[in-house]
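Asker: Just need the structure, nothing else, for what follows:
(one chain, ligands or ions: 1)
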Amino acid sequence: MKKQFDVGVDICGVPWKNRIAAASGTYNFRESSRYYDPAEIGCITTKGVSPEPWAGNETPKVAETPGGMLNAIGLANRGLKGYLSHDLKPLKDAGATVMANVVGHTTEEYCAVAEGLADSDVDLLELNISCPNVKEGGIAFGTDPRTAAALVREVKKRSGRKPVLVKLSPNVTSITDIAKAVCDAGADGLSLINTLIGMRIDLKTGEPVLANGTGGLSGPAIHPVAIRMVYEVRKALPSIPIIGMGGVMTGADAYEFLLAGADAVAVGTAALLDPAAPPRIARELETILFDNRANGV
Ligand SMILES: Cc1cc2nc3c(=O)[nH]c(=O)nc-3n(C[C@H](O)[C@H](O)[C@H](O)COP(=O)(O)O)c2cc1C
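Answerer: Below is the predicted model of the structure:
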């Protein structure tokens, strides 16, 4: 018999009204608010925030691929001060549950952001040790279990009472080894997965399509990879809260993540195609969960 799921969920002590989140880097308050109220979904994960503003990479930063897209945004953001006033405040005023995606070039930079958010209204922190598009920091912290664990230990000292989830990279030989290491170091939860490193070549010029050369692959093409990784990590770590993500386009895709072992599911690329996708997927998932209950599945 399959497991029954409630519509809402508690993630590290923070109640979510449903199990759907907006994935980091794919939500924009001004744009999205024309389509839905941020409090309609379980959680809004904001884009990576660093201590000081980052400019990001040169254009072109995105490219289409079969079944997905490549991006090399490079974590462009207005820095912690701008984040608190421009990004966090309107979301909290609108009643949203908010998870801040934390980035840095160094341990000190990650810690500065964690410290700056410790007394803020943010609900959860998501430590991004998996961005493939920055030269220092990001994925450099997420491919070695010892380096990842050391960063988590330092951040946990500065993050006060805020739960710290760690967002892992699929660009590793064993995601389970990294997951175990960060959980032993004190991570309160996991976000799985960030993008897979990819590249496209322009047939006319013979050069990479993206100015950065490589980019992160997202969308339906990565869904089976993400499902496999959530399934493996859940088997290794039976009780850690897991947010699954990668190629979720429908409520059925999200439900597959719950069956693989995720507690909640984030929607990224789908929202770039259709800004109203997160609440639609939340409604579709709710229907699946109600139907299962009605049918005693
Ligand atoms: C344009 C774009 C920007 C992103 N920016 C971030 C980011 O700032 N921080 C982060 O942890 N992940 C970022 N991601 C990764 C997504 O949050 C997500 O993990 C990934 O895209 C897989 O989900 P999806 O297939 O539903 O998009 C970004 C993805 C895209 C497409």
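
Asker: So which residues of this structure form helices?
Answerer: 29-32, 79-82, 89-93, 107-118, 145-158, 175-184, 223-236, 251-260, 269-273, 277-294 (DSSP state H).

Asker: Out of those helices, flag the one nearest the ligand.
Answerer: When the helices of the chain are compared by CB to the nearest ligand atom, helix 269-273 sits nearest the ligand, at 3.4 Å. The way it works is simple: take the backbone N, C-alpha and C, and place the C-beta from them, glycine included.

Asker: give me the residue from the stretch 151-297 of the chain nearest the ligand.
Answerer: Going by CB to the nearest ligand atom, the ligand is nearest to Gly268 of the stretch 151-297 of the chain, at 2.5 Å.

Asker: List the contacts of that residue.
Answerer: 22-26, 218, 245-246, 248 (CB atoms under 8 Å, 6 or more residues apart in numbering).

Asker: ok, and which of these reach the ligand?
Answerer: By CB under 6 Å from any ligand atom, the members of those lying near the ligand are 23-26, 218, 245-246, 248.

Asker: Near the ligand, which residues of the chain are found?
Answerer: Near the ligand, when you scan the chain using CB under 6 Å from any ligand atom, you find 23-26, 47-48, 71, 73, 75, 101, 128, 131, 167, 194-195, 218-219, 222, 245-248, 267-270.

Asker: give the contact list for the closest residue to the ligand within the chain.
Answerer: For the chain and the ligand, the shortest gap (CB to the nearest ligand atom) falls at Gly25, measuring 1.8 Å. Applying CB under 8 Å, 6+ apart, we find Gly25 in contact with 47-48, 71, 73, 101, 268.

Asker: Next: Thr195.
Answerer: Contacts for Thr195 (CB under 8 Å, 6+ apart) come out as 71, 132, 170, 215-218, 222.

Asker: How many neighbouring residues does the closest residue to it other than its chain neighbours have?
Answerer: Spatial nearest neighbour of Thr195, chain neighbours left out: Gly216 (2.7 Å); criterion: CB to CB, 6 or more residues apart in numbering. Neighbour count of Gly216, defined by other CB atoms under 10 Å: 27.

Asker: Equivalent analysis for Val103, please.
Answerer: Using other CB under 10 Å, the number of residues around Val103 comes to 27.

Asker: What of Asn171?
Answerer: 17.

Asker: which non-adjacent residue is nearest it?
Answerer: Ile197 (5.3 Å).

Asker: Can you name the residues bridging to the one you found?
Answerer: Gly216 (DSSP bridges).

Asker: Please name the residues that touch Val248.
Answerer: Counting by CB under 8 Å, 6+ apart, Val248 touches 223, 254, 257, 265-268, 270, 281.

Asker: In terms of pLDDT, where does it sit?
Answerer: With respect to pLDDT, Val248 scores 98.

Asker: Then Gly296?
Answerer: pLDDT, Gly296: 79.

Asker: re the thing from before, just put the helices of the chain in JSON lines and tack on mean neighbour count and distance to Lys61.
Answerer: Formatted as JSON lines, the helices of the chain follow (neighbours: other CB atoms under 10 Å; distance: least, CB to CB, whole Å):
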{"stretch": "helix 29-32", "mean neighbour count": "14", "distance to Lys61": "17"}
{"stretch": "helix 79-82", "mean neighbour count": "16", "distance to Lys61": "19"}
{"stretch": "helix 89-93", "mean neighbour count": "15", "distance to Lys61": "24"}
{"stretch": "helix 107-118", "mean neighbour count": "19", "distance to Lys61": "22"}
{"stretch": "helix 145-158", "mean neighbour count": "18", "distance to Lys61": "26"}
{"stretch": "helix 175-184", "mean neighbour count": "20", "distance to Lys61": "26"}
{"stretch": "helix 223-236", "mean neighbour count": "19", "distance to Lys61": "22"}
{"stretch": "helix 251-260", "mean neighbour count": "21", "distance to Lys61": "26"}
{"stretch": "helix 269-273", "mean neighbour count": "20", "distance to Lys61": "12"}
{"stretch": "helix 277-294", "mean neighbour count": "18", "distance to Lys61": "21"}
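
Asker: Low-confidence regions, the stretch 101-250 of the chain specifically.
Answerer: For the stretch 101-250 of the chain, applying pLDDT under 70 flags the ranges 135-136.

Asker: try it again with 50
Answerer: Within the stretch 101-250 of the chain, the set of residues satisfying pLDDT under 50 is empty.
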